[in-house]
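1. give the three-dimensional model of this entry:
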Amino acid sequence: MTITFVSNYINHHQIPFSNACYESLGEGYRFIQTEPMEEERVAMGWGKGVDGLPYVEYLYEDGPACRKRMLESDLAVFGWTGQGNLPDVSEIIQKRLENGKPSLRVSERLYREGQWKAVSPRGLVQKYKDHTRFRNRPVGLLCAGAYVASDFHIVRAYPDKMFRFGYFPETRKYTEEGLAAKKIRDGKVHMVWAGRFLPLKHPEYAVRVGEELYREGHKFHIHMVGSGELEETVRGQVREKGLEDMFTFYGYTEPAGVREIMEKCQIHLFTSNHLEGWGAVVNEAMNSGCAVVANAEAGAVPFLLRHGENGLVYRKEYGDFAAQVKKLAADPDMVWRLGRAAYETIAKGWNAEHAAAEFLRFGRELVETGRMVPAAEGPFSAAPVKVYGRKF
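-> Take a look at the predicted model:
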């Protein structure tokens, strides 16, 4: 079987999955990159480990060969393909269908800012052209986020053909003792917030909860990893509140460095709102044995977290977030229990190797029989249309 995965560029969130596919298929697997990575992402270390991957081909360097592979592969998967380098994806899918070849799309949300945008006549026409016209054809949707299926349901696309998917960063394996030994043990609760300092990610929540924890007498330290437009504002808030001793700012940090910080911490604060399509730091924090406090509105959260079992999920605004953090800060046994369960979730199911195995099973069934057979749970299981979280 030959599979071609097409996306704007490959990065550390996708390499482990592609490595696992290549290990099984060898020359039968190709990842086609449609555009160079943005300089900001390169500066953040996203391009590290990309050079020399044997399965990556570049549309902007050898367009004819890449387009030929897209058309002729037994199965083609199309994600975000950037602008200007690739002809209309829907037309490529149509040509594949004419030759009896199935395809899959990968998508985050259509309507992150609100499903009311679906009323746009021009938008509906485009969604029909790109997606809805394939509703009864062998074209399926891999949902990179828990709210994707709901958005596509509105435009009547991919009925009974939407499946859980996402991003699969490197999975590190630890023994229970080895993971515990990495955590800082100094009488304080160590928390990590990681990401770009953007309004949608609410880094200021970490400062607000830090101030409350300090006033209530908790011993803690919050590690702020990343940079962005709000970094100086957040640093200023920490200074104004006299919390400098309780915070460490790391600036832009390469992915491996972020993981090292997560491994040392007991709690991960994930405060992104409904504009966060996925949120791969949740995968990484769970794999690092952190008890995660996360916003249900972000795409990864309903797929990965079960409230009270392997993390804590808040469904409202700051007040609910602060209540969950304080609950953990006062209960080290809960922190350890949730962190251990979070690790098991990633190690046993939501990881690149398992996802790739399900992908190849799913793909072979689709190519050989035309049937899309979902997994029982986890990656490639049926994506529900109605999930908890933000109400639109």
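
2. domains in the chain, by residue range?
-> By the assignment in automatic domain parsing, the chain contains the domains 3-168+351-369, 176-348.

3. where along the stretch 201-350 of the chain do the helices fall?
-> Assigned by DSSP state H, counting those that start in this stretch, the helices in the stretch 201-350 of the chain fall at 204-215, 231-240, 255-264, 280-287, 301-304, 318-329, 332-348.

4. please apply the same query to the stretch 51-200 of the chain.
-> 63-72, 89-98, 121-130, 148-154, 176-182.

5. dump the last one to PDB, restricted to CA.
-> Presented in PDB, the C-alpha positions along helix 176-182 are these (Å, rounded to 0.1, in the frame of the first residue of the first chain):
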ATOM      1  CA  GLU A 176       6.800   5.100  37.600                       C
ATOM      2  CA  GLU A 177       9.800   5.500  39.800                       C
ATOM      3  CA  GLY A 178      11.800   7.200  37.100                       C
ATOM      4  CA  LEU A 179       9.000   9.700  36.400                       C
ATOM      5  CA  ALA A 180       8.700  10.500  40.100                       C
ATOM      6  CA  ALA A 181      12.400  11.000  40.400                       C
ATOM      7  CA  LYS A 182      12.300  13.800  37.800                       C
END
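
6. show me where this structure has strands.
-> 3-7, 29-33, 56-58, 75-78, 103-107, 139-143, 162-164, 189-194, 220-225, 247-251, 267-270, 291-295, 312-314 (DSSP state E).

7. I'd like those as TSV, with mean pLDDT appended.
-> Compiled in TSV, the strands of the chain are given as follows (pLDDT from 0 to 100):
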stretch	mean pLDDT
strand 3-7	96
strand 29-33	96
strand 56-58	94
strand 75-78	98
strand 103-107	97
strand 139-143	98
strand 162-164	98
strand 189-194	98
strand 220-225	98
strand 247-251	98
strand 267-270	98
strand 291-295	98
strand 312-314	97
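
8. can you put those strands in CSV and add mean neighbour count and distance to G370?
-> C-beta here means a position set from N, CA and C on the backbone, and glycine is covered the same way. Output for those, formatted as CSV (neighbours: other Cβ atoms under 10 Å; distance: least, Cβ to Cβ, whole Å):
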stretch, mean neighbour count, distance to G370
strand 3-7, 24, 16
strand 29-33, 24, 21
strand 56-58, 17, 28
strand 75-78, 23, 12
strand 103-107, 23, 12
strand 139-143, 24, 11
strand 162-164, 24, 16
strand 189-194, 25, 42
strand 220-225, 21, 46
strand 247-251, 15, 50
strand 267-270, 27, 39
strand 291-295, 28, 38
strand 312-314, 23, 38
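
9. returning to what we had before: can I get the domains of the chain in a markdown table with distance to G378?
-> Below are the domains of the chain laid out as a markdown table (distance: least, Cβ to Cβ, whole Å):
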| stretch | distance to G378 |
| --- | --- |
| domain 3-168+351-369 | 7 |
| domain 176-348 | 8 |
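
10. least reliable of those domains by average pLDDT, please.
-> Among the domains of the chain, domain 3-168+351-369 carries the lowest mean pLDDT, at a mean of 91.

11. rewinding a little: the helices of the stretch 201-350 of the chain: which one's closest to R112?
-> Across these, the minimum distance to R112, taken as Cβ to Cβ, is reached by helix 301-304, at 14.4 Å.

12. who are the packing partners of the closest one?
-> helix 280-287 (3 or more Cβ pairs under 8 Å, 6 or more residues apart in numbering; DSSP states H and E).

13. figure out which of the domains of the chain is closest to S381.
-> S381 lies closest, by Cβ to Cβ, to one member of the domains of the chain: domain 3-168+351-369, at 5.1 Å.

14. start to end distance for the closest one?
-> 16 Å (Cα to Cα, to the nearest Å).

15. offset the numbering so it begins at 580, please.
-> Done: numbering now begins at 580, and the last item shifts to domain 582-747+930-948.

16. and the gap between E617 and N590?
-> Remark: distance between E617 and N590 (Cβ to Cβ, to the nearest Å) = 11 Å.

17. quick one on the thing from earlier: dump the helices of the stretch 780-929 of the chain to CSV, plus mean neighbour count and distance to C600.
-> Shown next, in CSV, are those (neighbours: other Cβ under 10 Å; distance: least, Cβ to Cβ, whole Å):
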stretch, mean neighbour count, distance to C600
helix 783-794, 19, 37
helix 810-819, 15, 37
helix 834-843, 18, 20
helix 859-866, 28, 18
helix 880-883, 24, 20
helix 897-908, 18, 37
helix 911-927, 18, 19
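
18. that older thread, higher neighbour count, E617 and N590?
-> Using other Cβ atoms under 10 Å, the more surrounded residue of E617 and N590 is N590, with 23 against 13.

19. ok, that one to F596 distance?
-> N590 is 11 Å from F596, by Cβ to Cβ.

20. could you identify which of the helices of the stretch 630-779 of the chain is most buried?
-> helix 727-733 (a mean of 22; mean count of other Cβ atoms under 10 Å).

21. packing partners for that one?
-> Against helix 727-733 (3+ Cβ pairs under 8 Å, 6+ apart) you get strand 718-722, strand 741-743.

22. contacts for that helix?
-> 686-690, 694, 697, 710, 720, 722, 737-738, 741, 878, 962-966, 971 (Cβ atoms under 8 Å, 6 or more residues apart in numbering).

23. what's the answer for stretch 783-793, then?
-> Outside stretch 783-793, the residues touching it (Cβ under 8 Å, 6+ apart) are 770, 772, 799, 801, 803, 809, 812-813, 816-817, 820, 822, 825-826, 848, 850, 897, 900-901, 904-905, 908.
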